[in-house]
Structures are given as C-alpha cells and as structure tokens.
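got a predicted model here, sequence first, then my questions.
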Amino acid sequence: MKNLVNRYSFVVGLFLLMFTTSSQAIPAFAERENINCNSCHSAVPALNGIGRNYKLQGYVMPGQQRPARPNPRGNSNVLESILPISAGIIARPFDKKDSGETKVRAIHEIELMVAGQIAQGFSGFIELEAEDEDDFDVKASIIQGTFSLNSALNFQVSRAPSFYFDPYNSYTNSRRVTINRNSVIDQSFGGADNDSSLRRLRQNLTVFGKANNFFYGLSFSGVANDNEGEDASTVISRVAYEFNPNFILGGMYINGSCSMQSAGGKNIGDPCFLADRDYSRAALDVEWVSLNNLIINAVFMRSNDDLIGGNGEEANDSFYIQGFYNLQREGRTLVTPIARYDSYEISNGLYQIDAITLGVSHYIRQNINLRGEFSDLSGEGPIADDNRFTIQVDAFF
C-alpha cells in the first residue's frame, strides 16, 4: 500500500511539473516581477541585496502592494492565480568518487515549489522533492508560513533547516553554489543534535526582521530530524550587519538539548538513549562583494556536544572560505568559476579533515545551469581520503 501511495504521489508530482511551466520557461518569481534572475541572485541560487529584501518583504518588491490573490501571468491556471509555481529537474549524468562506482544519475532530483503572498501580510513556501537515492518517493522538504507586519518584524512557522529564515547565504543549504556542501552545515560533529547537521529539517517558531542595516532572527525549535518537535528546547539566534551593500558581518549561536524522551532517545543506539545531551554551535561569518562581481564569504564555527552518556563534552572547530566570480554579458551571468576550502575537526579535535572544491557553472539560460565540479578530501582517523568529480544540470521553470 505504501509503495502504491508513493508511486501515485510521484505521478501527481510529474503531472504538476508538466503543466505548471510558463511558455518562456522563466522561474515564477522572475516572470511575475518582470525581471531576470540576476536581479535577485549574485549567482543562482545565492541571493544578493535585492533578493534578500524580496525574501524579507514576503516575496514582494519593496514599495509594492499586491492584491490578495493576484494573477500575475494572465492565464487561467487556478493554482498559478493564487501562488507562483516553479518546478525543477536536476540531472547528474556523471558522478564519480574514488571510493565508489561511476554513477549515471540521468534524473537525480525533481522539485516542485509553491511560494508567494497568500493574503496581505501573509506569505508561504512549500517545496516537494523526489530524489533517486530515496527511490523517488515524494517528500515535503520545506514548509513555512510567514506573517509580516513590516520588514523589521516577521513571524514564521516552519518545518525547515535551522536557518531557513536567514536571507544571507552562509548557513543555508538551499542557496549553496556548489554541489558539495560546506562542512559547517553538513557535519554532525559530536552528534548531540540528534546526530544531525544544520541543514537537516526541524520544527521552528521564528521571529526575524531587518531594521536599517541590522538583521536579527530568533527561533525556538526541536532537535534536527524530529518531525514532531518533541520536548523542544533548541534556541537558534542569528544577527548580521550590512556595513554597506558589499560588506556583511554576522554571527549565530545555537543552544539545545537532545532528550532521552525525544526522537533521539527512544531506541538503543539512538544518540541520546543513555542520557540527555546538551549541544551548542557558535559562529562568525563575513561576506564581501567586489565591484567587479567577485564574491567571497567565510565562516568559522565552534561546536560543543555532550558525550554519549552525558559524561563530559567534546569541542570541534570548522571553517570554510569560498569565492566565486561572475562573468557577465549585457547584465546576465554566463559563467561562474567557484573555489572553496573546508577544514573541520572530529573526535574532540583529534582528527582534522580538509577539502578543496573547484567548480564552474555555465548558465545556458538564466534558468538552466550546467555545472562541473571536482573536490579533493584529505581525511584522518575514520575519514578516508577521497575525491569526486560531478557533472550536473539544473533546470528550473
């Protein structure tokens, strides 16, 4: 029965994918606002200043007042008359690690996104995805609803990664410009956050906003990968200051507990089975944008996790610095070379792992991106040396 439901869900997802694309094959937000993707993105999908403000305004350009149920595309599609709909296909025709076999992932992932204003002051975002490693079972990856009094005061409910509310690019998986994820969001470190990482989903109650050049965000959340937010005790905080549109300095702090009563401690072998485990994450981040389209951002984070059994704690550091450059013509990005260096610790700093990622993106059209990427991992202890080469095509409609 479960397999039948999953197959049916996948068919429905494909049906929506086929019948919600625009005739010009332009993503829904760009078409609605009659702008190109580079207006809001420094390099798709990373946001620039205009894109950050658009997100903070609840998917409305500053100063615009839209009717409660707009019909921006001027067609008869009922769903599109309520909210913009976009879909994407991600293909990996070549994916090879030294530690594994060559993979031809002709269809790696399918995404369906519905986002925009629901009514005056209310906006929402829903993302459904189906991936090859999950047998293309359709899952709701992100769900959020936001009430905005103004750009300085927003209230959000979500099942999303830790920093989904954050309009900046340093801690978010959905706006990364590389195929491989950076160590700060991808590692579980000591494992006290339900043996999960910052990019994993959790239940969140969030207040956030931006006043002048200062951004703040505060979430009350459950542990990662706990669908019901049971015994929630995690507090996620974020601040950032824009000294000017091209230089941003920020930081974040997370403090929480994985309880024996929560999803992390119900079975032998769960990360919090023997005792409650506290954890924290503290980080500083910087983003700098040059006048000639060079973007650099860096993050340093310290992770503290109670040991299994609750006796003592371990501390691990992680760091990455990333840069990419947009080669443009007539205001449209054509090619973006990318480089990142990662370094992180495990086992209370006993082992250090380093990685170099080099890639290039070619925007065939503003909504079709061909990527090639190579990464080299230098491991220690339980992490073995490895490298990976991937070719990926992202097409969004």
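Right, received. Where do you want to start? Numbers count the residues shown, from 1 in each chain.

where in this structure is pLDDT low?
Per-residue confidence for the chain (pLDDT under 70) gives these ranges: 1-39, 42-44, 58-83, 262-265.

most remote residue from this structure's center?
Distance to the chain centre peaks in the chain at Asn311, reaching 33.5 Å (criterion: C-alpha atoms, centre = their mean).

can you tell me the element it falls in?
Assigning secondary structure by DSSP states H and E places Asn311 outside every helix and strand.

that one and Arg302: what is the separation?
Distance from Asn311 to Arg302, counting by C-beta to C-beta, to the nearest Å: 21 Å. Yep, even glycine has a C-beta here, placed from its N, CA and C like the rest.

which non-adjacent residue is nearest Tyr279?
Computed as C-beta to C-beta, 6 or more residues apart in numbering, the closest residue to Tyr279 that is not its neighbour in sequence is Ala192, at 3.7 Å.

please apply the same query to Val289.
Nearest one to Val289, counting by C-beta to C-beta, 6+ apart, is Asn246 at 4.2 Å.

and Ile143, by the same measure?
In space, Ile143 comes closest to Arg159 once its chain neighbours are excluded; the distance is 4.9 Å by C-beta to C-beta, 6+ apart.

for the one you found, give the beta-bridge partners.
According to DSSP bridges, the residues that bridge with Arg159 are Ile143, Gln203.

next one: Arg281
Under the criterion used here (DSSP bridges), Arg281 is bridged to Ile254, Ser303.

do the same with the one 5 residues further on
With DSSP bridges as the criterion, the beta-bridge partners of Val286 are Leu249, Ala298.

contacts only, for it.
Under the criterion of C-beta atoms under 8 Å, 6 or more residues apart in numbering, the neighbours of Val286 are Phe247, Ile248, Leu249, Gly250, Asn297, Ala298.

I'd say the residue nearest to Ile143 and Leu205 touch.
No - taking C-beta atoms under 8 Å as the contact criterion, Arg159 and Leu205 are not neighbours in contact, 11.2 Å apart.

give me the neighbour count for the residue nearest to Ile143.
Around Arg159 sit 17 other residues, with neighbours defined as other C-beta atoms under 10 Å.

mind listing what's buried in the helix or strand hosting Lys210?
Counting by DSSP H and E, the secondary-structure element that holds Lys210 is strand 202-211. Burial within strand 202-211, assessed by neighbour count using 16 or more other C-beta atoms under 10 Å, is assigned to Arg202, Gln203, Asn204, Thr206, Phe208, Gly209, Lys210.

surely the second one touches Arg159?
Yes - using C-beta under 8 Å, Gln203 is in contact with Arg159, at 5.7 Å.

overlap in contacts of those two?
Common neighbours of Gln203 and Arg159, counting by C-beta under 8 Å, 6+ apart, are Asn227.

helix or strand for Ile185, which one?
Ile185 is located in helix 183-186, with elements delineated by DSSP H and E.

who are the packing partners of that helix?
For helix 183-186, the contact count by 3 or more C-beta pairs under 8 Å, 6 or more residues apart in numbering; DSSP states H and E identifies strand 313-325, strand 332-346 as packing neighbours.

for these, give me TSV that also has distance to Ile142 and mean neighbour count.
Compiled in TSV, the helices and strands packed on helix 183-186 are given as follows (distance: least, C-beta to C-beta, whole Å; neighbours: other C-beta atoms under 10 Å):
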stretch	distance to Ile142	mean neighbour count
strand 313-325	23	19
strand 332-346	24	19
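
compare the ones you listed and give me the one nearest Tyr54.
Checking the helices and strands packed on helix 183-186 against Tyr54 by C-beta to C-beta gives strand 332-346 as the closest, at 17.8 Å.

the helix or strand that the closest one is followed by to strand 313-325, inter-axis angle?
Scanning forward in sequence from strand 332-346, with DSSP H and E defining helices and strands, the next element found is strand 351-365. Taking axes from the mean of the first three to the mean of the last three C-alpha atoms, to 10 degrees, strand 351-365 and strand 313-325 form an angle of 30 degrees between their directions.

now strand 351-365: buried residues?
With burial defined by 16+ other C-beta under 10 Å, the residues of strand 351-365 counted as buried are Gln352, Ile353, Ala355, Thr357, Gly359, Val360, Ser361, Tyr363.

between the residues you listed, which is nearest Gly379?
Checking the buried residues of strand 351-365 against Gly379 with C-beta to C-beta, the nearest one is Ile353 at 5.3 Å.

so the closest one touches Tyr341, yeah?
No - taking contact to mean C-beta under 8 Å, the distance of 11.9 Å between Ile353 and Tyr341 leaves them out of contact.

for Val235, which non-adjacent residue is spatially closest?
Once chain neighbours are set aside, the closest to Val235 by C-beta to C-beta, 6+ apart is Asn255, at 5.3 Å.

repeat that for Phe125.
Once chain neighbours are set aside, the closest to Phe125 by C-beta to C-beta, 6+ apart is Ala115, at 4.2 Å.

the one you found falls within a strand, correct?
Yes - looking at Ala115 with DSSP: H, G, I helix; E, B strand; the rest coil, it is inside a strand.

would you state the helices of the protein in chain order?
Taking DSSP state H as the criterion, the chain contains helices spanning 2-19, 28-33, 49-56, 78-82, 183-186.

can I get stretch 180-196 in CSV, CA atoms only?
What follows is stretch 180-196, C-alpha atoms only, in CSV (Å, rounded to 0.1, in the frame of the first residue of the first chain):
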residue,chain,number,x,y,z
ASN,A,180,29.2,19.5,-2.4
ARG,A,181,28.0,21.1,0.8
ASN,A,182,30.3,23.1,3.1
SER,A,183,31.4,21.4,6.4
VAL,A,184,29.7,23.9,8.6
ILE,A,185,26.2,22.9,7.5
ASP,A,186,26.9,19.3,6.6
GLN,A,187,28.7,17.8,9.7
SER,A,188,27.1,16.5,12.9
PHE,A,189,30.4,16.9,14.8
GLY,A,190,29.8,15.4,18.3
GLY,A,191,26.3,14.2,17.4
ALA,A,192,24.3,15.6,20.3
ASP,A,193,21.8,17.4,17.9
ASN,A,194,20.2,14.0,17.2
ASP,A,195,23.3,13.0,15.3
SER,A,196,22.3,15.5,12.6
